[in-house]
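Asker: Coordinates for the following, if possible.
(2 chains)
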Amino acid sequence: MVRQDIDFIDNEYFRIPLVRPSRKIKFKNISFTNIYSLWNKFRIKRLKEKLSAKKEKLIEMEFSGEQLVPGKKREKVENKILKKTQAIARLESKIKFLETGEYANEDFINSRAIKLKSIMMQNLQYNRNSLYSINSDGIQQMENEDSKVDEIINEESVKVEEKLRQILGEDHIAKAKQEISPNTQKEQPVPRQVSHEEIISETSSTLNKNKTDDTEIPPMISDTIVAEAIAREMDRNDIHENQKSYENVNNFINEDGTYRLKREDIDEDFRITRFDRSKLPSEENEYIDENEPNLPPFSTNERIFPDIELPRKAITAMPEIRKYEFPELVMPSIRIADENESTTVNSRVVPIVVEDRNTQDNQSSEPLVGGNSVSEEEYVDGDIYALMERVKVLKAQKDTITTSAEEAAKRAESIDAVYTETRSKLAAYADSLEDDCNITYKEMQAMESNTDVKEEQINAMLLMMGLGTLDVSEKKTRVK
Amino acid sequence: MIGNEEIEKKMMSIVAEDGSVEEVEVILAFEFKDTKKEYVIYTKNEKDENDNITVYVSHVDRSSGEPKLLGVEDEEEWSRVKDVLRELSKSE
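Answerer: Numbering: from 1, shown residues only, chains lettered A, B, ... in the order given. Model (predicted):
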């Protein structure tokens, strides 16, 4: 067809020169009309497209005084709608979590919110005839349609509530309420429960996060519904089941009191990564594996209940290790000196008696190592992880003991040095005393002999003088 | 006019060699997709005794920058243009 070989065009022609004469052709009236109308239709369509684009731009603009400026009103409306759709998207993610246990990330929620917003915007009725009266009618129209957005939001929230009711069901709610009783908790070794009020308040605050003063978001889910949703979630997660009934707990605890878990449920720090329902053992004990590690039960104080926001890992207590007890350090015994034992080179014996330190301290013949701080019977042969843990503990013990031994050696060495020094000082002191005694004794002897000589001389002199002799008692008194 | 699906006439001012200016009405403008040659068909609203309307066909040359109207010299080209007009005249 020739028609497909051409493109209609609609250019402007202003004072175009005629260089060469044009070709002439005659048409009947109807033919002329056909050609004319065909081309005009093309022109009208083209013009409409141009005007439509211009009109859309104008709609977004608003008057500032007498001038049209880029409109903020539409932007405000869009932002308002986006906030509401974000709230709806969050609700949807909560519902999805309650249904499937899968958590939707923030990117998904934002994408969903934007999509909902575009759908809402498409559904809004813009008054295209307000192209030339954008100042009043168009804006008013947008404000009126804002209320339509609120109606849509309300309808959505009602639908969400209905859906929640269908999901939760009355039976589960009653069952959950019945099974969460204080008596049941006392009878079983259960982890710490997060209180219902805490969960409800946190969920409600999350759901109502978008509430601001200038938005009119109605309360989408009441606390009752939230409580029911949480109860349902606790049912589905089975962790709650484990808490609630002793019979269920027995499904996960061996007879010796250890938990029955698969290795893949635990990370390298012995923390449970996910309490997956499908991995829990059934009544037929399908999941029991004798070779799986038996870990001690969780501490009641350290189990953290996963909340609605679903933390990545549940934190549990490390396996308990008995406290290492250091025995008292024993100094090497000091040799007891015998009372008659000679400690000096001199012939004169000066007895040295040293107190036996061992009489004061505990005398222990045991080596300076700690006893087993980890009971061997807690670990099964071939359990590599338990062995690794034991190695870790023993390494730590070895370091501690080595440090203590080094300190003890240093102390012994210093004491030996002090002992040797003191002993030599004492010997020197003894020698000096002996020397002094000897010297004094010799002086005394010398003095005595002099005295005797003098006494004899006195007697001699007295005899010569005829005065008799000196009284003996006086002599003795003087000498002593 | 837009609301009634009518549009203003497209007028064109043709400057003759002697410098005179004539206002004509453009009734069609198109180009061939393969050659990109632009043609304008205009009328001076001339009718004969049978009420047939005379239209003029010129080739718009924009090669020199400023548009100018040239005649359709090539017969094959002219035949092709006539085929287009014939077909368009038949369509409703």
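
Asker: Which of the helices or strands spans residue B:25?
Answerer: Here residue B:25 is covered by strand B:21-32, with elements defined by DSSP states H and E.

Asker: Name the residue of chain B that lies nearest to chain A.
Answerer: Going by Cβ to the nearest Cβ, chain A is nearest to residue B:89 of chain B, at 3.5 Å. All C-beta spots, glycine's among them, are computed from the backbone N, C-alpha and C.

Asker: count of neighbours near that residue?
Answerer: Neighbourhood size, residue B:89 [other Cβ atoms under 10 Å in any protein chain shown]: 17.

Asker: give the contact list for it.
Answerer: Counting by Cβ atoms under 8 Å, 6 or more residues apart in numbering or on different chains, residue B:89 touches A:27, A:31-32, A:34-35.

Asker: which of the residues you listed tops the neighbour count?
Answerer: residue A:35 (24 neighbours).

Asker: What are the boundaries of the strands in the stretch 51-200 of chain A?
Answerer: Using DSSP state E, counting those that start in this stretch, the strands of the stretch 51-200 of chain A run over A:61-64, A:67-70.

Asker: hang on, the earlier thing: for residue A:456, see how far away the residue of chain B closest to chain A is.
Answerer: Residue B:89 is 186 Å from residue A:456, where distance means Cβ to Cβ, to the nearest Å.

Asker: hmm, back to that, shouldn't the residue of chain B closest to chain A be within a strand?
Answerer: No. Under DSSP: H, G, I helix; E, B strand; the rest coil, residue B:89 falls outside any strand and is assigned helix.

Asker: Now it: closest residue in space, sequence neighbours ignored.
Answerer: residue A:31 (3.5 Å; Cβ to Cβ, 6 or more residues apart in numbering or on different chains).

Asker: Please give the element, helix or strand, for the one you found.
Answerer: Per DSSP H and E: helix A:29-59 holds residue A:31.

Asker: Could I get the buried residue list for that helix?
Answerer: Buried residues in helix A:29-59, counted by 16 or more other Cβ atoms under 10 Å in any protein chain shown: A:31-32, A:34-36, A:38-40, A:42-43, A:55, A:58-59.

Asker: Low-confidence stretches in chain B?
Answerer: B:1-5, B:92 (pLDDT under 70).

Asker: cutoff 80 now
Answerer: Applying pLDDT under 80 to chain B flags residues B:1-6, B:91-92.

Asker: quick one, what contacts the residue nearest to the spatial centre of it?
Answerer: Central residue of chain B (Cα atoms, centre = their mean): residue B:41, 1.1 Å from the mean position. For residue B:41, the contact set (Cβ under 8 Å, 6+ apart) comprises A:35, B:26-29, B:55-57, B:85.

Asker: Unless I misread the structure, it falls within a strand.
Answerer: Yes. Note on residue B:41: a strand contains this position according to three-state DSSP.

Asker: picking that back up, direction included, what does the strand holding residue B:25 pair up with?
Answerer: strand A:6-8 (antiparallel), strand B:10-15 (antiparallel), strand B:38-47 (antiparallel) (DSSP bridges).

Asker: would you turn these into TSV with distance to residue B:72?
Answerer: Listed next are the strands paired with strand B:21-32 as TSV, based on distance: least, Cβ to Cβ, whole Å:
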stretch	distance to residue B:72
strand A:6-8	14
strand B:10-15	16
strand B:38-47	8
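
Asker: Specify the stretch among these that is closest to residue A:461.
Answerer: Of all the strands paired with strand B:21-32, it is strand A:6-8 that lies closest to residue A:461, at 173.3 Å by Cβ to Cβ.

Asker: What mean pLDDT does the following helix or strand past the closest one get?
Answerer: Using DSSP H and E, the helix or strand that follows strand A:6-8 in sequence is strand A:16-17. In this model, strand A:16-17 has a mean pLDDT of 92.

Asker: Remind me what strand A:16-17 packs against, helices and strands.
Answerer: Judged by 3 or more Cβ pairs under 8 Å, 6 or more residues apart in numbering or on different chains; DSSP states H and E, strand A:16-17 is in contact with strand B:10-15, strand B:68-70.

Asker: Could you identify which of the ones you listed is most buried?
Answerer: strand B:68-70 (a mean of 19; mean count of other Cβ atoms under 10 Å in any protein chain shown).

Asker: for that one, packing partners?
Answerer: Packing partners of strand B:68-70 (3+ Cβ pairs under 8 Å, 6+ apart): strand A:16-17, strand B:53-61.

Asker: hmm, who's touching it?
Answerer: By Cβ under 8 Å, 6+ apart, the list of residues contacting strand B:68-70 reads A:16-20, A:22, B:14, B:40, B:58-61.

Asker: Regarding residue B:50, what is its secondary structure?
Answerer: Using three-state DSSP, the structure places residue B:50 in coil.

Asker: which residue does the stretch 1-150 of chain A bring closest to chain B?
Answerer: The nearest approach of the stretch 1-150 of chain A to chain B comes at residue A:31, 3.5 Å away (Cβ to the nearest Cβ).

Asker: That residue and residue B:72, how far apart?
Answerer: 19 Å.

Asker: Residue A:463 now?
Answerer: Counting by Cβ to Cβ, the gap from residue A:463 to residue B:72 is 192 Å.

Asker: which of those two has more neighbours?
Answerer: residue B:72 (20 against 11).

Asker: nearest residue to the more buried one other than its sequence neighbours?
Answerer: Nearest residue to residue B:72, sequence neighbours excluded (Cβ to Cβ, 6+ apart): residue B:78, at 4.6 Å.

Asker: quick one: that neighbour and residue A:117, what's the gap?
Answerer: Distance, residue B:78 to residue A:117, by Cβ to Cβ: 58 Å.

Asker: try residue A:159
Answerer: Counting by Cβ to Cβ, the gap from residue A:159 to residue A:117 is 18 Å.

Asker: Name the residue in those two with the higher neighbour count.
Answerer: With neighbours defined as other Cβ under 10 Å, residue A:159 and residue A:117 compare such that residue A:117 has more, 22 against 11.

Asker: wait, what's in contact with that one?
Answerer: Contacts of residue A:117 (Cβ under 8 Å, 6+ apart): A:78, A:81-82, A:85.

Asker: Can you tell me which of the residues you listed comes closest to residue A:436?
Answerer: Distances from residue A:436 to these, taken by Cβ to Cβ, are shortest for residue A:82, at 107.7 Å.

Asker: ok, that closest one touching residue A:110?
Answerer: No. Contact criterion Cβ atoms under 8 Å: residue A:82 and residue A:110 do not qualify, at 9.5 Å.

Asker: Compare these two (neighbour count), which wins?
Answerer: The neighbour comparison of residue A:82 against residue A:110 (other Cβ under 10 Å) goes to residue A:82, with 19 against 14.

Asker: Run a quick neighbour tally on the residue nearest to residue B:72.
Answerer: 16.

Asker: Give the helix, strand or coil label for it.
Answerer: Three-state call for residue B:78 (three-state DSSP): helix.

Asker: pretty sure it is touching residue A:23, no?
Answerer: Yes. Using Cβ under 8 Å, residue B:78 makes contact with residue A:23 at a distance of 6.3 Å.

Asker: shared neighbours, these two?
Answerer: Residues touching both residue B:78 and residue A:23 by Cβ under 8 Å, 6+ apart: residue B:72.

Asker: Name the nearest residue to residue A:32, ignoring sequence neighbours.
Answerer: Of all residues not flanking residue A:32 in the chain, residue B:53 sits nearest, at 4.6 Å (Cβ to Cβ, 6+ apart).

Asker: Quick check: beta-bridge partners of that neighbour?
Answerer: Applying DSSP bridges to residue B:53 gives these bridge partners: residue A:27, residue B:47.

Asker: wait, doesn't it sit right on residue B:46?
Answerer: Yes. Shown here, residue B:53 and residue B:46 form a contact pair, counting by Cβ under 8 Å, at 7.0 Å.

Asker: Compare these two and say which one has the larger neighbour count.
Answerer: Neighbour count, other Cβ under 10 Å: between residue B:53 and residue B:46, residue B:53 has more, with 22 against 12.
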